[in-house]
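Colleague: Sharing a model that was predicted from the sequence below.
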Amino acid sequence: MNVSRSIINIGKKILFLKPNDNLSSLFVMIRWNIVFGKYFYRKKYTTTDILECLKTFGVIPGDNIFIHSSWDSFYNYQGSVNELLDAIIQYIGPNGTIAMPAYPINSKRVFNVKKTATAAGLIAETFRRTPGVKRSCNIRHSVCAMGSLAEY
């Protein structure tokens with residue numbers, strides 16, 4: 001192992017990164033958020049609080065929404081993934097549409113639109129498995145959707 005590689009590995013340890021982690025500033029911020037976020041964001045919140053935020057942002061029943069999410073960032077959330085999804089689905093209702101990314105974990109394997117898991121995280125994978133959710137056939141950027149425009 002050369003000296004520059006040793007220095008990089010020491011730097012990664014100081015930054016709480018794993019040996020295979022990327023040293024980009026975005027990756028460092030994400031990793032620090034995962035490690036230390038729970039200590040900074042201590043306020044507990046519920047599904048009702050999240051729905052109130054959606055209302056504050058102007059989301060109303062019947063809207064079409066696209067959700068990008070990270071379960072790792074749901075610090076102090078007082079509920080489950082299923083509880084959260086059920087509440088959002090109920091709030092948006094059948095006249096609206098909920099969509100989430102569903103790109104596959106490993107694009108080198110055979111893509112099965114019904115069975116291949118998504119690399120978009122726990123919330124998107126749980127949504128993908130929800131009855132009534134449809135998935136697009138795009139192997140690199142597939143999307144899952146439920147609602148009036150899901151087929152589109």
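Modeller: Cool, the structure landed. Numbers count the residues shown, from 1 in each chain.

Colleague: all contacts plus neighbour counts: C-alpha atoms, from now on.
Modeller: Fine.

Colleague: any low-confidence regions in this structure?
Modeller: 1, 3-5, 15-16, 23, 25-26, 41, 107 (pLDDT under 70).

Colleague: ok, the spatially most central residue of the chain to Leu85 distance?
Modeller: Among the residues of the chain, the one closest to the centroid is Ser69, at 3.0 Å (Cα atoms, centre = their mean). Counting by Cα to Cα, to the nearest Å, the gap from Ser69 to Leu85 is 12 Å.

Colleague: what sits in contact with each of these two?
Modeller: Ile123 (Cα atoms under 8 Å, 6 or more residues apart in numbering).

Colleague: Pull out the buried positions in the helix or strand encompassing Ile50.
Modeller: Secondary structure assignment for Ile50, by DSSP states H and E: helix 47-56. By 16 or more other Cα atoms under 10 Å, the buried positions in helix 47-56 come out as 47, 51.

Colleague: which helices and strands does it pack with?
Modeller: helix 81-92 (3 or more Cα pairs under 8 Å, 6 or more residues apart in numbering; DSSP states H and E).

Colleague: neighbouring strands for the helix or strand following the helix it packs on, and are they parallel or not?
Modeller: As assigned by DSSP H and E, the chain's next helix or strand after helix 81-92 is strand 97-101. The pairing partners recorded for strand 97-101 under DSSP bridges are strand 64-66 (parallel), strand 143-147 (antiparallel).

Colleague: now the following helix or strand past strand 97-101: how far from the chain's centre is it?
Modeller: As assigned by DSSP H and E, the chain's next helix or strand after strand 97-101 is helix 122-128. Using Cα atoms, centre = their mean, to the nearest Å, the distance from the centre of helix 122-128 to the centre of the chain it belongs to is 8 Å.

Colleague: Check stretch 143-151 too.
Modeller: 17 Å.

Colleague: Would you work out how far apart the start and end of it are?
Modeller: Terminal residues of stretch 143-151 lie 11 Å apart, using Cα to Cα.

Colleague: does Trp71 really touch Thr126, like I thought?
Modeller: No - Trp71 lies out of contact with Thr126 (Cα atoms under 8 Å); the separation is 11.0 Å.

Colleague: Can you give me the neighbour number for Pro131?
Modeller: Residue neighbour count, defined by other Cα atoms under 10 Å, stands at 8 for Pro131.
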